[in-house]
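Student: got a predicted structure here, sequence first:
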Amino acid sequence: MDIKDAVFVFQMHEATELLWHQRFHSHGYDQTELHYFVGGDGTFINGNKRYSISSGSLFLTTADTTHQIEASIQNPLTYYAILFECSDHQELFDRLEKKNPFHLGTGRRFFFEEIRDKAFKEEQELRISAVHQILGLLYGLAAEKTDPVEQKENIIIERALDYMQNHIFDKLTLTDIASHVQRDASYFVRLFKRWMNTTPMQYYANLRLEAARAFLANTSLSVKEIAAKLQYCSEFHFSKQFKQSTGLSPTAYRLRYLQKLGPFS
């Protein structure tokens, strides 16, 4: 199994970007693609089936199945797409495709960010690690069961995640987020950490850095403009936080991950 491509699209709205990502297409023999949507509205067409896209939904598309994304201009889509090639596990992939879509919630976004990051690493061990993470996710989906009690708590977390996503360009505080979900701040922090293995404010900081990575890879905005857009106190502070998170300066990251759109076919 090998990851062929991994893309992150943040609030897709540019004309050229829309044409590329909305094209009706399929992939070659033994190739399977995952689309994980973390925000926005639109429609996903897979073969002869049409689905409404909701935040946190995952779609699996097997080889030769034509598929297309129809995006909403009013509420742009944010999503990850992972394309991998695998001659094994085809029975699993075919079975999962029939169960589309899977509602994972938006809390898996950094899982897919990690996959995308490892897919471009020079170290073979990291790429193999990403492959096993994908297979682990898919086999988990095939056997997943939902606990009704935990589902109630999950609704609170999902509301918080959606609120943070919708205010990515603001400077939210813990009080803002806890108030939105109508929970005491200390209780909310404990609940969030149990579900997400991180604090709400660290998650929010990672969301802002995720958006920064997308701007660097998909736009011509300068580092200074990106820092201002995300309300960092200075370009220097943004660059420092970015390098601590990714191991690369914003400029070096752009050089490595700049997305080049292919032909419209």
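Tutor: Good, I have the coordinates. Numbering: from 1, shown residues only.

Student: the helices in the stretch 51-200 of the chain, which residues?
Tutor: Secondary structure of the stretch 51-200 of the chain (DSSP state H, counting those that start in this stretch): helices located at 90-97, 109-119, 124-143, 148-166, 174-180, 185-196, 200-218.

Student: per-stretch mean pLDDT over those, give me the minimum one.
Tutor: Set side by side, these differ in mean pLDDT, and helix 148-166 is lowest with a mean of 77.

Student: of all the helices of the stretch 51-200 of the chain, which one is nearest P250?
Tutor: The closest approach between P250 and any of the helices of the stretch 51-200 of the chain, judged by C-beta to C-beta, belongs to helix 200-218 at 5.8 Å. Heads up, the C-betas are built off the backbone N, CA and C, glycines and all.

Student: tilt between that closest one and helix 185-196?
Tutor: 50 degrees (axes from the mean of the first three to the mean of the last three C-alpha atoms, to 10 degrees).

Student: hmm, back to that, export the helices of the stretch 51-200 of the chain to JSON lines and tack on distance to G40?
Tutor: Putting the helices of the stretch 51-200 of the chain into JSON lines (distance: least, C-beta to C-beta, whole Å) gives the following:
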{"stretch": "helix 90-97", "distance to G40": "23"}
{"stretch": "helix 109-119", "distance to G40": "13"}
{"stretch": "helix 124-143", "distance to G40": "22"}
{"stretch": "helix 148-166", "distance to G40": "10"}
{"stretch": "helix 174-180", "distance to G40": "20"}
{"stretch": "helix 185-196", "distance to G40": "21"}
{"stretch": "helix 200-218", "distance to G40": "13"}
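
Student: possible to save the ones you listed as CSV with mean neighbour count?
Tutor: Formatted as CSV, these follow (neighbours: other C-beta atoms under 10 Å):
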stretch, mean neighbour count
helix 90-97, 15
helix 109-119, 19
helix 124-143, 14
helix 148-166, 16
helix 174-180, 16
helix 185-196, 16
helix 200-218, 20
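
Student: so which of the ones you listed gets nearest W20?
Tutor: Of the helices of the stretch 51-200 of the chain, nearest to W20 by C-beta to C-beta is helix 200-218, at 10.7 Å.

Student: what's the angle between that closest one and helix 109-119?
Tutor: With the same axes, to 10 degrees defining the directions, helix 200-218 sits at 40 degrees from helix 109-119.

Student: quote the end-to-end distance of stretch 7-26.
Tutor: Across stretch 7-26, the terminal residues are separated by 16 Å (C-alpha to C-alpha, to the nearest Å).

Student: just stretch 19-27 next, same as before
Tutor: First residue to last in stretch 19-27 (C-alpha to C-alpha) measures 18 Å.

Student: just checking the distance from that stretch to the centre of its chain.
Tutor: On the basis of C-alpha atoms, centre = their mean, to the nearest Å, stretch 19-27 sits 18 Å off its chain's mean C-alpha point.

Student: then stretch 241-257?
Tutor: Averaging C-alpha coordinates over stretch 241-257 and over its chain gives two centres that are 18 Å apart (C-alpha atoms, centre = their mean).

Student: can you check stretch 244-261 too?
Tutor: 17 Å.

Student: for it, give me every contacting residue.
Tutor: 7, 16-17, 20, 117, 120, 206, 209, 212-213, 216-218, 223, 226, 238-239, 242-243 (C-beta atoms under 8 Å, 6 or more residues apart in numbering).

Student: before we move on, the earlier item: closest one to Y79 among the helices of the stretch 51-200 of the chain?
Tutor: Here helix 109-119 is closest among the helices of the stretch 51-200 of the chain (C-beta to C-beta), at 8.9 Å.
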